[in-house]
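**Student:** generate coordinates for the sequence data below:
(one chain, ligands or ions: 1)
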Amino acid sequence: MKEKIESLRQEIESQIQLTETGRALYELKVKFQTELKGIMAGMKNLTKEEKPLFGKVVNEFKQSMEAQFDSRAVVVKEMELKAQYEKERIDITMPGKSYKAGALHPITLVKNELIDIFSGMGFEVFEGPEIETDYYNFTALNTPKDHPARDMQDTFYLADNLLLRTQTSAGQIRVMEKQAPPIKILSPGRVFRSDDDATHSPMFHQMEGLVVDKGITLCDLQGMLQEFAQKMFTSSTKVRLRPSYFPFTEPSVEVDLSCSECGGKGCRLCKGTGWIEVLGAGMVNRHVLENCGVDPDEYTGFAFGMGVERIAMLKYGINNIKTLFENDTRFLEQFED
Ligand code: DAH
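**Tutor:** Residues are numbered from 1 along each chain as shown. Purely as a prediction, here's the structure:
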């Protein structure tokens, strides 16, 4: 019996030292208790005199082993905690993941700058609908059906009378119908034309301006354009008006700015002319005023319309309009503030 106890002690003691988890220690303890039960079962074969002595030995053995299990349990618990901390450790010196902040698109930048410049001159912003009726986009703008000027803009029709607006000029009518002069509005927005090459996109942005009041002349238009050009480009930028034709203005002009690249000497950008065409403008045609219930003998006005993409391309030296719509972040990143 004694040898059995001794060999069990040796076996369990050496194994206790090898346990590293609470589970292993628990399993070892169960094994020990089973073996001990076997030893105690052998007691029934002992004599009356032997029994108390052996009982004492077994008890002491049991207590000493349990003490060892308890003290190992403390060690194992610590080992387990350490292993868990190690596993969950956060390396605070590791660089964080950086998420890039977005920035405004160059079209938005130019649009905002235009609004800034013109609101500084007293213009208020009006935004008209992108889906227009034939009346607002053409007829009221002195371009009735079969008017040859309709061919100047390839139109996307949605229905007989409904179209994607080809020009923000449609907004002029909407404003004049609702509001009596004096009028001074700026109308930004998307326009649509069946047109597609390096300098044209089927969808692009325009900025329309309209001023109607008593005594407005072409000189007012010219002065205002001069102010706009110098603020948008450089303080030495000059403005030139050339005769042109738009059905809704009379007289109509094409507005050129002195080339910001060469200062007017002539370069590739301005094709050697020293001038760059940037917008259309003119004195509001009296028929347009009449269509909106404004008396052309009492009031006069000027209007202008420019392509926002064109301004952005000139300002930032962009040579293909498509880059403005591809959303390539390598291109867009260049416009971050
Ligand atoms: N709507 C014209 C276009 O899209 C641009 C334009 C020309 C607007 C003359 C005007 C203007 O207001 O007076 O080509």
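**Student:** looking at the residue of the chain positioned farthest from its centre now. What's its pLDDT?
**Tutor:** Going by CA atoms, centre = their mean, the residue of the chain most distant from its centre is residue 49, 93.3 Å out. Residue 49 is assigned 85 on the pLDDT scale.
**Student:** for it, give me phi and psi.
**Tutor:** Main-chain dihedrals, residue 49, degrees, to the nearest 10: phi -70, psi -40.
**Student:** in stretch 101-120, which residues are buried?
**Tutor:** Within stretch 101-120, the residues scored as buried using 16 or more other CB atoms under 10 Å are 106-107, 109-111, 113-115, 117-118. The way it works is simple: take the backbone N, C-alpha and C, and place the C-beta from them, glycine included.
**Student:** how much space is there between the residue in the stretch 1-150 of the chain positioned nearest to the ligand and residue 76?
**Tutor:** Nearest residue of the stretch 1-150 of the chain to the ligand, counting by CB to the nearest ligand atom: residue 141, 8.0 Å away. Per CB to CB, to the nearest Å, residue 141 is found 89 Å from residue 76.
**Student:** cool, residue 186 as well?
**Tutor:** Note on residue 186: its distance to residue 76, by CB to CB, is 78 Å.
**Student:** which of those two has more neighbours?
**Tutor:** residue 186 (24 against 20; other CB atoms under 10 Å).
**Student:** that one - that's part of a strand, no?
**Tutor:** Yes - when classified by DSSP: H, G, I helix; E, B strand; the rest coil, residue 186 is found to be part of a strand.
**Student:** apart from its chain neighbours, what residue comes closest to it?
**Tutor:** Leaving aside its sequence neighbours, residue 186 sits nearest to residue 123 (CB to CB, 6 or more residues apart in numbering; 4.1 Å).
**Student:** and residue 293, how far is that from residue 78?
**Tutor:** Taking CB to CB, one finds residue 293 at 91 Å from residue 78.
**Student:** what do you get for residue 124?
**Tutor:** As judged by CB to CB, residue 124 and residue 78 stand 75 Å apart.
**Student:** more crowded one of those two?
**Tutor:** Neighbour totals were compared for residue 124 and residue 78, and residue 124 leads with 14 against 10 (other CB under 10 Å).
**Student:** I figured the more buried one hits residue 187, correct?
**Tutor:** No - with contact defined as CB atoms under 8 Å, residue 124 does not reach residue 187; the gap is 9.8 Å.
**Student:** send me stretch 168-179 as PDB with only the CA atoms.
**Tutor:** Listed next in PDB are the C-alpha coordinates belonging to stretch 168-179 (Å, rounded to 0.1, in the frame of the first residue of the first chain):
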ATOM      1  CA  THR A 168     -29.300  77.900 -68.100                       C
ATOM      2  CA  SER A 169     -30.800  80.800 -70.100                       C
ATOM      3  CA  ALA A 170     -34.100  79.100 -69.500                       C
ATOM      4  CA  GLY A 171     -33.800  80.400 -65.900                       C
ATOM      5  CA  GLN A 172     -34.000  84.000 -67.200                       C
ATOM      6  CA  ILE A 173     -37.600  83.400 -68.200                       C
ATOM      7  CA  ARG A 174     -38.500  81.700 -65.000                       C
ATOM      8  CA  VAL A 175     -37.100  84.700 -63.000                       C
ATOM      9  CA  MET A 176     -38.600  87.400 -65.100                       C
ATOM     10  CA  GLU A 177     -42.000  85.800 -65.100                       C
ATOM     11  CA  LYS A 178     -42.100  85.900 -61.300                       C
ATOM     12  CA  GLN A 179     -40.200  89.000 -60.400                       C
END
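**Student:** contacting residues around it?
**Tutor:** 126-128, 132, 135-137, 140-141, 183, 185, 187-189, 191, 206-208, 210, 212, 248, 284, 288-289, 291-294, 303, 305 (CB atoms under 8 Å, 6 or more residues apart in numbering).
**Student:** filter those residues down to the buried ones, ChimeraX style.
**Tutor:** Buried subset of the contacts of stretch 168-179, written as a ChimeraX selection, criterion 16+ other CB under 10 Å:
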select :126,128,132,136,137,140,141,183,185,187,188,189,191,206,207,208,210,212,248,284,288,289,291,292,294,303,305
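**Student:** among the contacts of stretch 168-179, which lie within helices?
**Tutor:** 135-137, 288-289, 291 (DSSP state H).
**Student:** same list (these) but as JSON lines, adding distance to the ligand and pLDDT.
**Tutor:** Formatted as JSON lines, those follow (distance: CB to the nearest ligand atom, whole Å; pLDDT from 0 to 100):
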{"residue": "135", "distance to the ligand": "16", "pLDDT": "96"}
{"residue": "136", "distance to the ligand": "12", "pLDDT": "97"}
{"residue": "137", "distance to the ligand": "10", "pLDDT": "96"}
{"residue": "288", "distance to the ligand": "10", "pLDDT": "98"}
{"residue": "289", "distance to the ligand": "13", "pLDDT": "98"}
{"residue": "291", "distance to the ligand": "15", "pLDDT": "97"}
